[in-house]
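K.L.:
Compute the structure for the input listed below.
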Amino acid sequence: MPTYSALTTLMGQDAAEALAEAMERMEPEPTGVGVFEIEDDSGLWEVGAYFLEHPNTATLDLLAMAFDARPFALSELPEIDWVAKVRRELSPVDAGRFFVYGSHDADKVPAGRVALQIEATVAFGTGHHGTTLGCLRAFDKLANDGFAPARVADIGCGTAVLAMAAAAILPGALVIASDIDQVAVDVARANVEINNMQGRLECLEAAGFDHPRLREAAPYDLVFANILKGPLIELAPPMAQHIAQDGLCILSGLLCVQAEAVTAAYEAAGFALVSRDDIGEWSTLVLRRT
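P.N.:
Numbering: from 1, shown residues only. Here you go, the predicted structure:
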């Protein structure tokens, strides 16, 4: 059975949410409607819907006009098992000492590397994306320089690849991985089991540091936060509250054009920039609490 998508962009969150609400009343009814901010400082928002039947194009045109949105881009999506496709196409990732691979590449793991098995799933963070890769490289460099944090938090952990990287090379360290999405937490726990790391890190559901366990385990010597520009900026003050003096945070999930704004927010919260690494259009920041 084919699936159809209808996507548009428009200015402003209120207008985008109102358009999404109107689309939910369409006939045929969409199976899902989403509203997303486009993280490029343009003020644009994307509204998208998915349908199991061909949507009424006249209705889409009227909705676009009514909410001052761009004309909808309508597409028929092929019937593809995307997880299986990604598993076939993703090659292993080299990130310093870390080697991230899927089960289909288990025979390619080189000797002497810290191997992390991560499957392509609905949770973000297989290691291939420039943000996750940048975080792994930054952590590897810090470890090469002798940095050995005793307390580590991975905020917005996705697959928990960053938390597992820390647990793998920091025996005895306290490592907590958290995500706002329970599905991601479930995926993280499954990956912990796949990599035989039970008991070496904790996985829990939380928004930022808003969890009793995260608060009681503070202050942290290292915090990963591979999320998005907006949440990263909001996280700056609580990050300062939960990181030890001279502790480090590794931040990503942001575009290169957003790096200065995120850096400024953290400098205002009491951090100093240690390094910045750009991979393609994505940037990774390392900051120290001063």
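K.L.:
Which strands or helices does the strand or helix carrying L60 pack on?
P.N.:
Assessed by DSSP states H and E, L60 sits inside helix 57-66. Judged by 3 or more CB pairs under 8 Å, 6 or more residues apart in numbering; DSSP states H and E, helix 57-66 is in contact with helix 13-23. C-beta: built from backbone N, CA, C; applies to glycine.
K.L.:
Could you list the residues in contact with the next helix or strand after the helix holding L60?
P.N.:
Later in the chain than helix 57-66, the nearest helix or strand by DSSP H and E is strand 73-77. With contacts defined as CB atoms under 8 Å, 6 or more residues apart in numbering, strand 73-77 is touched by P2, T3, Y4, S5, A6, L7, T8, Y50, P55, T57, L60.
K.L.:
excluding its backbone neighbours, what's nearest the first one?
P.N.:
In space, P2 comes closest to E76 once its chain neighbours are excluded; the distance is 5.3 Å by CB to CB, 6 or more residues apart in numbering.
K.L.:
So that neighbour versus V33, what's the distance?
P.N.:
According to CB to CB, to the nearest Å, E76 and V33 sit 18 Å apart.
K.L.:
next one: R70
P.N.:
According to CB to CB, R70 and V33 sit 17 Å apart.
K.L.:
Which residue of these two possesses the greater neighbour count?
P.N.:
V33 (18 against 12; other CB atoms under 10 Å).
K.L.:
what secondary structure does the more buried one sit in?
P.N.:
What DSSP: H, G, I helix; E, B strand; the rest coil gives for V33 is strand.
K.L.:
Test of understanding: give the bridge partners of it.
P.N.:
A49 (DSSP bridges).
K.L.:
sorry, back to before: and for the residue nearest to P2, the neighbour number?
P.N.:
10.
K.L.:
For burial, what's the neighbour tally of V257?
P.N.:
Neighbour number of V257 under other CB under 10 Å is 13.
K.L.:
One more: L52?
P.N.:
A count of nearby residues for L52, using other CB under 10 Å, gives 13.
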